[in-house]
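Engineer: got a predicted model here, sequence first, then my questions.
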Amino acid sequence: MVEWLEYVIKPSNYISSLCYSVFRLEPFTTCSYGCTYCYAQWYRGPHGAPGEKPWVPRGFERIARRLPRGLPKPWFRLSTLSDPFQPVRGGVSALVKKILRIALRYEVPLVINTKGLVTRDEEALWLLVGLADKGLLVLQYTIGFGDGTASLLEPMAPRPSERLSEAEMLARLGIPVIVRVQPLIPGLEQEHYRVAIQALRSGARGLIGEPLRETRAGLARLYKLLANSGEPPGCWEPYQLGEEPGKEPLLHPCPWWRTRVNHALEALATQHGAAYATCKDSLLTLHKWYRPGKTCCLEWLGFREEPLLRPTLHEYSYLEWPSLSPEQLCKELGPPFICDHRLDQYPAIIRKGVRAHLAKLERLLRSENRVRKLLEKLST
Ligand code: SF4
């Protein structure tokens, strides 16, 4: 693999045009939680006992040490293809704790997404508290449904009720907790709303919703597990802009269903004084809280300083689709959006990552047809 792609999510139509989280730290080769719907399997292979990647903290430290002073820092997602707190030798992996220490030492912000339990590991817990105290952390808990459904779809992960207690305890310690209600699955709406309410009562500062993406065969397997005939209920439509040769196309629920669920989750969040965002599923201009610089990762609920950002379709939509290149738009927006000429001050991996995603966005914008197709796929 090219080295920079170890730390950068690969550019694609959805990620490059809608997603702000493009830097990642992947300490493991796979994930032991074995979720049936896991999209990470398409990229890193099947579930199993995880191997550790000792070079990741070393590479992270090299990047962290070279970040320029006085400019917005990139945030890293720990991790995207496995659970960072899956148990290794009975506790939180030493490698993960090393990454947390590096982030703390060099003050690099982290977004951590997990289904794992961390409070049993005192050292890891205090590292998280230290990061939160410095405004360098947002902890995203994935809780999509109740214990019964989770025992079918996430057989090896801690139960959602355990995750909720954990989230509550961490929120009480001052850690900014966001709950990802995902994957959103037609037929499980009531469960999604129930866990969302429990999460908000447990102190979550925000919710993020992300609908299921699956192949037709994967959907049949999933609904069979849910004691359904295997026939997916509701309406499904293609997710990708085009088909990938040799790969089964992905489907996601129809826009009207996603819109309905998103509106319901947003109403629940608002009732509790929390924020709601969709993940790669709508333009942020739909949300009252949105302005350029506040992203759908809801990192602004926890980070003390504005992190490095690059323009996406959300900013184009906010400015009513100006005829500007991403670089021109970046200049128009100003900091924390970091434009090409200032990128030279960042380490090579950060430069390459931002430039690769901007180039992909620019190519997409050159094709009106593809932008229209992508916008048609979003919920409203
Ligand atoms: S916890 Fe995340 S990465 Fe691990 S199997 Fe489940 S969905 Fe996949």
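Structural biologist: Looks like it came in fine. The structure displayed is predicted, hence computed values, not measured ones.
Engineer: does Leu200 touch Tyr193 like I think?
Structural biologist: No. Assessed by C-beta atoms under 8 Å, Leu200 is found out of contact with Tyr193, at 10.7 Å. C-beta coordinates here come from the backbone N, C-alpha and C atoms, glycine included.
Engineer: buried residues, stretch 93-112. List them.
Structural biologist: Using 16 or more other C-beta atoms under 10 Å as the test for burial, stretch 93-112 gives 93, 95-104, 106, 108-112.
Engineer: shared neighbours of Leu200 and Tyr193, anything?
Structural biologist: Residues touching both Leu200 and Tyr193 (C-beta atoms under 8 Å, 6 or more residues apart in numbering) are Leu268.
Engineer: those two: who's more crowded?
Structural biologist: Per other C-beta atoms under 10 Å, whichever of Leu200 and Tyr193 has more neighbours is Leu200, with 20 against 16.
Engineer: distance from stretch 153-162 to the middle of the chain?
Structural biologist: Here the centre of mass of C-alpha atoms in stretch 153-162, compared against the chain's by C-alpha atoms, centre = their mean, to the nearest Å, lies 19 Å away.
Engineer: what about Gly144, neighbour count?
Structural biologist: Close neighbours of Gly144, defined as other C-beta under 10 Å, add up to 27.
Engineer: the nearest residue to it once chain neighbours are set aside: how many residues sit nearby?
Structural biologist: Nearest residue to Gly144, sequence neighbours excluded (C-beta to C-beta, 6 or more residues apart in numbering): Gln182, at 5.1 Å. Gln182 has 21 neighbours, counted by other C-beta under 10 Å.
Engineer: which residues touch stretch 363-374?
Structural biologist: Stretch 363-374 is contacted by residues Asn13, Tyr14, Ser16, Ser17, Leu241, Leu313, Tyr316, Ser325, Pro326 when judged by C-beta under 8 Å, 6+ apart.
Engineer: which one in the residues you listed is the model shakiest on?
Structural biologist: Model confidence across those bottoms out at Leu241, which has 83.
Engineer: hmm, back to that, show me the buried residues of stretch 93-112 that map onto helices.
Structural biologist: With helices defined by DSSP state H, the entries of these inside them are Leu95, Val96, Lys97, Lys98, Ile99, Leu100, Arg101, Ile102, Ala103, Leu104, Tyr106.
Engineer: is the ligand contacted by the lowest-mean-pLDDT helix or strand in the chain?
Structural biologist: Across the helices and strands of the chain, mean pLDDT, DSSP states H and E gives its lowest value to helix 40-44, namely a mean of 75. Yes. If you take C-beta under 6 Å from any ligand atom as the test, helix 40-44 does meet the ligand, through Ala40.
Engineer: Arg221 sits in which helix or strand?
Structural biologist: Counting by DSSP states H and E, the secondary-structure element that holds Arg221 is helix 216-225.
Engineer: for that helix, packing partners?
Structural biologist: Secondary-structure packing of helix 216-225 (3 or more C-beta pairs under 8 Å, 6 or more residues apart in numbering; DSSP states H and E): helix 147-153.
Engineer: about what we covered before: contacting residues for the residue nearest to Gly144?
Structural biologist: Thr142, Gly144, Ile208, Gly209, Glu210, Pro211, Leu212, Cys279.
Engineer: distance check, it against the ligand.
Structural biologist: Distance, Gln182 to the ligand, by C-beta to the nearest ligand atom, to the nearest Å: 9 Å.
Engineer: for that residue, phi and psi?
Structural biologist: Main-chain dihedrals, Gln182, degrees, to the nearest 10: phi -160, psi 160.
Engineer: swap in Ile178?
Structural biologist: Ile178 adopts backbone torsions of phi -120, psi 140, taken as degrees, to the nearest 10.
Engineer: tell me the pLDDT of it.
Structural biologist: For Ile178, the model assigns a pLDDT of 98.
Engineer: pull the contacting residues for it.
Structural biologist: Applying C-beta under 8 Å, 6+ apart, we find Ile178 in contact with Val138, Leu139, Gln140, Tyr141, Ala204, Arg205, Gly206, Leu207, Ile208, Leu298, Leu301.
Engineer: the helix or strand where the first one lies versus helix 94-106: what angle between them?
Structural biologist: With secondary structure defined by DSSP H and E, Val138 is part of strand 137-142. Going by axes from the mean of the first three to the mean of the last three C-alpha atoms, to 10 degrees, strand 137-142 is angled at 150 degrees with respect to helix 94-106.
Engineer: enumerate the residues of the stretch 1-150 of the chain near the ligand.
Structural biologist: Near the ligand, the residues belonging to the stretch 1-150 of the chain are Cys31, Tyr33, Gly34, Cys35, Cys38, Ala40, His47, Ser82, Asp83, Lys115 when assessed by C-beta under 6 Å from any ligand atom.
Engineer: of the residues you listed, which belong to strands?
Structural biologist: Using DSSP state E, no member of those sits in strands.
Engineer: which one in these is the model shakiest on?
Structural biologist: Ranked by pLDDT, those bottom out at His47, which scores 74.
Engineer: what residue ranges in the stretch 1-150 of the chain score low on pLDDT?
Structural biologist: 1-2, 44 (pLDDT under 70).
Engineer: just checking, what packs against the least confident helix or strand of the chain?
Structural biologist: Judged by 3+ C-beta pairs under 8 Å, 6+ apart, helix 40-44 has no packing partners among the helices and strands.
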